[in-house]
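Student: have a look; sequence and predicted model below, questions after that.
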Amino acid sequence: MRLSIIKIKDQKGDVNMFSLINLFYNEFKPWLFVAILMVLFSCSPSKEDNASTEGGKNSIGNSVIIVRPEVQGGNEKTTFPGQLKPWFEAPMYAQVSGYVKHWHKDYGAYVKKGEVLAEILAPTVDADFSQAQAEWEAQRAKYDLADITEKRYTALRESNVVSEQSISVAKASQNAEKYIWNATKQQVKKQEVYLAFKKIRAPFDGVITERNINVGQYVNKEGNLSEGIGPQNLFTVADIHKLRLFVSVPNFYVSLLKPGLKVQVSLAQYPNRTFEASFGNYSRGYDAHTQTVLVQFILENKDLSIWPGSYATVRWSIENTNHSLRIPTSALVFDEGGTRVATLTDSNRIHFKDIEVGKVTDSFVDIKSGLSESDRVIKNPRASYLEEDIILDQIVDSFKDKGVLNGKIKLEDSSSSKDSI
């Protein structure tokens, strides 16, 4: 290598730098050679770049997890939330206006049909009853007079002392007074009914689940008006010897509901007990918002240990006769092509398949058609995947050899995937 003589002129005169440059070249000659090789290597095309241009398709350099569709069959356990309600439930209201004189039954009290729950002080009802009785007695006296007059006129007919017209008028007066007397009698019976309403009675055997009155409070037909929060019923009586269990069931399971179906019921307040309920009936109509059917199950509660209003977990075993394939819900792809899944071919290229979806849950989806057991389905497909994109990096097969080795995910050799492209 030819080196030039570099001269630097300063105040002391000319200085020859040839010796200094020759020393620098000999010292760093190996490192200059290495730098030149690195520059040449970085400019050469890589194997991945050559593969990325094959077929005009882009390559994906990210690892993916693939799953295999599982065949579903046999019995399947299904869980739904439910709510328990009384067999009968009656909110009690006053039929007369007045003030609470006394209440006899409190929260949780067991009552018999006809048992007095509370008494109402209603002076106006007492006054109306007294007035009705007086009117009935007065009308009875009028009827007695009309009856005597008609009998006398009829007795004088043969002697022609009174005219036929007078006799007819006497008979008509007798009948009119009789009907008015009966009307006043019915008015007395009506007031007697109101008197009976002064006592609030249980409509059937049950338990008191609500009491919204206290002594001295004003009540009427609308309920208790003294609380300042709007009218309230006085009591609520519930028959809980049997309970109604209401469950909203998705349309997929409706065809499986039939008489004789038994379900297992769990309650938070009894973690170590399981109850059994039988199928009752259903609403025969779908909720427009949730696409569920309201189903009623019957739960026996002879020991009265279960309280109404409880939330329940309902489980039952359903025989799956469809033998459909099941994949994770995260594998679904929704785009302009419809509902599809992304699969990997034998050459590790992406291929989208159209599917028909069956039952869908938060974690899995049943596939009616479009997949086979041997398909390699991408568990979490990226939105950037395109048809025939090539996977170049590691592939996690969660079903190959059960996908687990000593507690770790087993990976395929990525080099074999690259060589097959």
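Tutor: Arrived safely. Numbering: from 1, shown residues only.

Student: in space, what's closest to the residue positioned nearest the centre of the chain - neighbours in sequence excluded?
Tutor: In the chain, the centroid-proximal residue (Cα atoms, centre = their mean) is residue 248; its distance is 6.4 Å. Among residues not flanking residue 248 along the chain, residue 292 sits closest, at 4.0 Å (Cβ to Cβ, 6 or more residues apart in numbering). Just so you know, the C-beta spots here come from the backbone N, C-alpha and C atoms, and that holds for glycine as well.

Student: tell me the contacts of the one you found?
Tutor: Residues in contact with residue 292 (Cβ atoms under 8 Å, 6 or more residues apart in numbering) are 248-251, 286.

Student: hmm, try it at 10 Å
Tutor: Applying Cβ atoms under 10 Å, 6 or more residues apart in numbering to residue 292 gives the contacts 80, 247-254, 283, 286.

Student: read off the pLDDT value for residue 340.
Tutor: Reported pLDDT at residue 340 in the predicted model: 91.

Student: elements contacting the strand or helix carrying it?
Tutor: Take DSSP states H and E as the rule and residue 340 turns out to sit in strand 338-344. In this structure, strand 338-344 makes packing contacts with strand 64-67, strand 332-335, strand 350-354, strand 356-360, strand 364-369, strand 376-378, judged by 3 or more Cβ pairs under 10 Å, 6 or more residues apart in numbering; DSSP states H and E.

Student: which helix or strand contains residue 106?
Tutor: Assigned by DSSP H and E, residue 106 belongs to neither a helix nor a strand.

Student: which non-adjacent residue is nearest it?
Tutor: Counting by Cβ to Cβ, 6+ apart, the residue nearest residue 106 is residue 211, at 5.9 Å.

Student: got a pLDDT number for the one you found?
Tutor: 94.

Student: and it, how many residues sit next to it?
Tutor: A total of 19 residues lie near residue 211 under the criterion other Cβ atoms under 10 Å.

Student: now swap in residue 79 and tell me
Tutor: Considering only other Cβ under 10 Å, residue 79 is surrounded by 11 other residues.

Student: distance between the ends of stretch 386-395?
Tutor: Terminal residues of stretch 386-395 are spaced 17 Å apart (Cα to Cα, to the nearest Å).

Student: go through that stretch and flag the buried ones.
Tutor: Buried residues in stretch 386-395, counted by 16 or more other Cβ atoms under 10 Å: 389-392, 395.

Student: now that stretch: how far from the chain's centre is it?
Tutor: Mean C-alpha position of stretch 386-395 versus that of the full chain (Cα atoms, centre = their mean, to the nearest Å) differs by 41 Å.

Student: tell me the contacts of the nearest residue to residue 220 once chain neighbours are set aside?
Tutor: Of all residues not flanking residue 220 in the chain, residue 97 sits nearest, at 4.0 Å (Cβ to Cβ, 6+ apart). For residue 97, the contact set (Cβ under 10 Å, 6+ apart) comprises 120, 122, 124-125, 218-222, 225.

Student: which SSE is residue 167 in?
Tutor: Residue 167 is part of helix 164-196 when elements are defined by DSSP H and E.

Student: what packs against that helix?
Tutor: Applying 3+ Cβ pairs under 10 Å, 6+ apart, we find helix 164-196 packed against helix 123-155.

Student: list the buried residues for the helix it packs on?
Tutor: By neighbour count with 16+ other Cβ under 10 Å, helix 123-155 contains the buried residues 125, 128-129, 132-133, 135-136, 139-140, 142-143, 146-147, 149-150, 153.

Student: same deal with stretch 332-351?
Tutor: Across stretch 332-351, burial judged by 16+ other Cβ under 10 Å covers 332-333, 340-344, 348-351.

Student: how about stretch 285-302?
Tutor: Counting neighbours by 16+ other Cβ under 10 Å, stretch 285-302 gives 292-293, 295-297, 299, 301 as buried.
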